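**Q** just need the structure, nothing else, for what follows:
(2 chains)
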Number of protein chains: 2
Amino acid sequence: MDRTATGDNLDMTLPDQPLLLSPRQARARFRTGLVPPTTSGWCGGFAQANLLAVPRELAFDALLFARRNDRPCPLLDVTDPGDPVPREVAPEADLRTDLPGYRVYENGEPIVEVADATPYWRDDMVAFLFGCSFTFEGALRAAGVPVRHIEQGRNVPMYVTTRQCTPAGRLAGPLVVSMRPIPSPLVGLAGEVTACYPTMHGGPVHAGDPAELGIKDLDAPDFGDRVDSRPGDVPVFWACGVTPQAVVMASRPPYAITHTPGLMFITDRTDVSFRTA
Amino acid sequence: MDRTATGDNLDMTLPDQPLLLSPRQARARFRTGLVPPTTSGWCGGFAQANLLAVPRELAFDALLFARRNDRPCPLLDVTDPGDPVPREVAPEADLRTDLPGYRVYENGEPIVEVADATPYWRDDMVAFLFGCSFTFEGALRAAGVPVRHIEQGRNVPMYVTTRQCTPAGRLAGPLVVSMRPIPSPLVGLAGEVTACYPTMHGGPVHAGDPAELGIKDLDAPDFGDRVDSRPGDVPVFWACGVTPQAVVMASRPPYAITHTPGLMFITDRTDVSFRTA
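**A** Coordinates of the predicted model:
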């Protein structure tokens, strides 16, 4: 990707209305280096996705892990080894450059955080895209359910839980969840709306006492930002596509590249195209 | 698997009513060496499955192929490398012994056909089970749709078509279909009934002129038996789980083990548990 070719787009200011950008426009901004606090609220109506890329040698374990843990890892696309193009969900995109931020892991340790993964993308990398709960936030708001972290201009808070995923080969580790404070009378509605998006993590895995997931302090998320609840809000938890990162940290495979939590890949597929009912 | 331990079951006669056997009973008979002409019509009410087992090195390609070709290869179970137990669909079974017949392929050539795959099962084999259309034959008959090959005591006829599957890694090849002659007024009903079983290949891929699939002679199937049509019957074609065998023959990977066409693995899962509507 030659950055000079898009030099006239080298604009590091955040767009006034990221909700109104097309996926192609947003990806072009990210490709030229823009790193927003989160992609939540960007490109209204389009599905967002989590990234896990591993060398071919680990790809079977990763694909099997996704199949066995489809709540946190609902598979939207898999690339051929070495192909950085997600041909099912965005055939004109390049996964090495088109996300705002990446984390590179060696032996389970994050060694660097970058805006362009090209120098780290090995020849045999296989990329997996998993659905992201940002995708159903538009439907939540349309149903009258407030989304606090968007109201507050923050990334969604995410927590490593004490629930374990089903292992696959060399991959094992804990479930990660995202949390949204929901007004008590709207918790049922939030569950109904999100259950219609099974490939975006579906309905909540838990609502209420965070201790039941082993979360000690809601104000200290493991990823993303703390978010302020309002009186009467209940914490509601959804399976999260950052789970593969917790699994990489727990299982310590030699090499992996992921998105930075909250900085997603924005696909060309509409959110309603993933709605089942 | 020590055959002497089940020596008192060494009964090579076909059961009078295979429809009434439980999956466990049927697998025990196959384990002790019984090879029926087909498992179609066996263990009424239980789902049957196609087998593809490959060394771990090819497992990612196979899993990705299944994902990209879920009509012929609807995935019911995947084992961990070296584990011969299909833990999702029959946790007490052993895939090395519990099918009536196996084909072993080297470089795409079938080198041997055996009733016990144990001597051929390498330490790192990964087994894939794909849904089989035998599973919906009970629902067809219950709906009043005759199933000719069962009436005639034969295996279902299967044909290699000129339609190509979507490749994945080193795996590419043609679609294989099974064919059932259906009385013309019942073709629509047969489509409706079978569409309710998407993980058993779902509705037909074609009805009518075999030439549209590149099939030259219905009386010369590539696998299984010729079946007699009755006046007014229309040939109806479903995607078939023998497709991976045609793909192995076309792609010539170093090693693979499959079931013998028509001699399926019988799972502990009921057919209705796979019915979606």
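**Q** now do the contacts for the residue of chain A found nearest chain B.
**A** When you check chain A against chain B by CB to the nearest CB, the closest residue turns out to be residue A:60, at 3.8 Å. Yep, even glycine has a C-beta here, placed from its N, CA and C like the rest. By CB atoms under 8 Å, 6 or more residues apart in numbering or on different chains, residue A:60 lies in contact with A:169, B:56, B:59-60, B:63, B:126.
**Q** please list the members of these that lie in helices.
**A** Among the contacts of residue A:60, the residues falling in helices (DSSP state H) are B:56, B:59-60, B:63.
**Q** got any ranges where chain A has weak pLDDT?
**A** A:1-11 (pLDDT under 70).
**Q** and it, what are its domains?
**A** In the domain annotation for chain A, the residue ranges read A:19-133+A:251-271, A:135-244 (automatic domain parsing).
**Q** pretty sure residue A:110 is in a strand, no?
**A** Yes - when classified by DSSP: H, G, I helix; E, B strand; the rest coil, residue A:110 is found to be part of a strand.
**Q** quick check: it touching residue A:120?
**A** No - taking CB atoms under 8 Å as the definition, residue A:110 is not a contact partner of residue A:120, at 11.9 Å.
**Q** what touches both of these two?
**A** Joint contacts of residue A:110 and residue A:120 (CB under 8 Å, 6+ apart) are residue A:104.
**Q** if we can go back for a sec, and the buried ones among the contacts of residue A:60, selectable in PyMOL?
**A** Of the contacts of residue A:60, the buried ones can be selected in PyMOL as follows, counting by 16 or more other CB atoms under 10 Å in any protein chain shown:
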select buried, (chain A and resi 169) or (chain B and resi 56+59+60+63+126)
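**Q** as CSV, the contacts of residue A:60 with distance to residue A:185 would be great.
**A** Rendered in CSV, the data for these read as follows (distance: CB to CB, whole Å):
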residue, distance to residue A:185
A:169, 44
B:56, 52
B:59, 49
B:60, 47
B:63, 44
B:126, 49
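**Q** from the contacts of residue A:60, which is closest to residue B:217?
**A** Compare each of the contacts of residue A:60 with residue B:217 using CB to CB and the shortest gap goes to residue B:63, at 34.7 Å.
**Q** surely the closest one and residue B:127 touch.
**A** No - contact criterion CB under 8 Å: residue B:63 and residue B:127 do not qualify, at 11.4 Å.
**Q** list the residues that contact both of the two?
**A** Common neighbours of residue B:63 and residue B:127, using CB under 8 Å, 6+ apart, are residue B:78.
**Q** show me which residues of chain A are close to chain B?
**A** Counting by CB under 8 Å from any CB of the partner chain, the residues of chain A lying close to chain B are A:56, A:59-60, A:63-64, A:67, A:75, A:78, A:80-81, A:126, A:168-169.
**Q** residue A:155 and residue A:40 touch, don't they?
**A** Yes - taking CB under 8 Å as the contact criterion, residue A:155 and residue A:40 are neighbours in contact, 6.7 Å apart.
**Q** quick check: neighbours shared by those two?
**A** Common contacts of residue A:155 and residue A:40 (CB under 8 Å, 6+ apart): A:149, A:262.
**Q** picking that back up, deepest of the domains of chain A, which one?
**A** The highest mean neighbour count among the domains of chain A, using mean count of other CB atoms under 10 Å in any protein chain shown, belongs to domain A:19-133+A:251-271: a mean of 21.
**Q** what about that domain, start to end distance?
**A** One end of domain A:19-133+A:251-271 sits 13 Å from the other (CA to CA, to the nearest Å).
**Q** mind checking how far that domain is from the chain centre?
**A** For domain A:19-133+A:251-271, the distance from its own C-alpha centre to the chain's C-alpha centre is 8 Å (CA atoms, centre = their mean, to the nearest Å).
**Q** kindly reformat the residues of chain A next to chain B as a markdown table containing distance to residue A:277.
**A** Written out in a markdown table, the entries for the residues of chain A next to chain B read as follows (distance: CB to CB, whole Å):
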| residue | distance to residue A:277 |
| --- | --- |
| A:56 | 37 |
| A:59 | 33 |
| A:60 | 33 |
| A:63 | 27 |
| A:64 | 28 |
| A:67 | 23 |
| A:75 | 20 |
| A:78 | 26 |
| A:80 | 33 |
| A:81 | 36 |
| A:126 | 32 |
| A:168 | 29 |
| A:169 | 34 |
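**Q** looking at the contacts of residue A:60, which is nearest residue A:103?
**A** Distances from residue A:103 to the contacts of residue A:60, taken as CB to CB, are shortest for residue A:169 (21.7 Å).
**Q** need the contact list for the closest one.
**A** With contacts taken as CB under 8 Å, 6+ apart, residue A:169 has the following neighbours: A:58, A:60-61, A:64-65, B:80-81.
**Q** ok, and the closest non-adjacent residue to residue A:264?
**A** Of all residues beyond its chain neighbours, the one nearest residue A:264 is residue A:48 (4.0 Å), with distances taken as CB to CB, 6 or more residues apart in numbering or on different chains.
**Q** can you pull the contacts of that neighbour?
**A** With CB under 8 Å, 6+ apart as the criterion, the residues that contact residue A:48 are A:39, A:42, A:132, A:134-135, A:264-267.
**Q** just these: which are in strands?
**A** Among the contacts of residue A:48, the members falling in strands (DSSP state E) are A:265-267.
**Q** between these, which sits nearest residue B:223?
**A** Nearest to residue B:223, judged by CB to CB, of those is residue A:267 at 39.8 Å.
**Q** contacts only, for the nearest residue to the closest one once chain neighbours are set aside.
**A** Spatially, and ignoring its direct neighbours in sequence, residue A:267 is nearest to residue A:89 (4.0 Å; CB to CB, 6+ apart). Applying CB under 8 Å, 6+ apart, we find residue A:89 in contact with A:47, A:49, A:76-77, A:129, A:267-269.
**Q** residue A:129: which element?
**A** Here residue A:129 is covered by strand A:125-131, with elements defined by DSSP states H and E.
**Q** partner strands of that strand, with direction?
**A** According to DSSP bridges, strand A:125-131 has the following sheet partners: strand A:46-55 (antiparallel), strand A:75-78 (antiparallel).
**Q** strands along the stretch 151-277 of chain A, start to end?
**A** Here the stretch 151-277 of chain A has its strands, by DSSP state E, counting those that start in this stretch, at A:158-164, A:174-183, A:206-207, A:233-239, A:255-259, A:265-270.
**Q** who wins for proximity to residue A:106 among those?
**A** strand A:255-259 (6.0 Å).
**Q** got the angle between the closest one and strand A:46-55?
**A** Between the axis of strand A:255-259 and that of strand A:46-55 there is an angle of 170 degrees, by axes from the mean of the first three to the mean of the last three CA atoms, to 10 degrees.
**Q** farthest-apart pair in the contacts of residue A:169, please.
**A** A:58 and B:80 (14.3 Å).
**Q** distance of the spatially most central residue of chain A from residue B:94?
**A** Central residue of chain A (CA atoms, centre = their mean): residue A:50, 3.6 Å from the mean position. Residue A:50 sits 37 Å away from residue B:94, taking CB to CB, to the nearest Å as the criterion.
**Q** check residue A:97 too.
**A** Applying CB to CB to residue A:97 and residue B:94 gives a distance of 48 Å.
**Q** give me phi/psi at residue A:24?
**A** Recorded main-chain torsions at residue A:24 are phi -60, psi -40, according to degrees, to the nearest 10.
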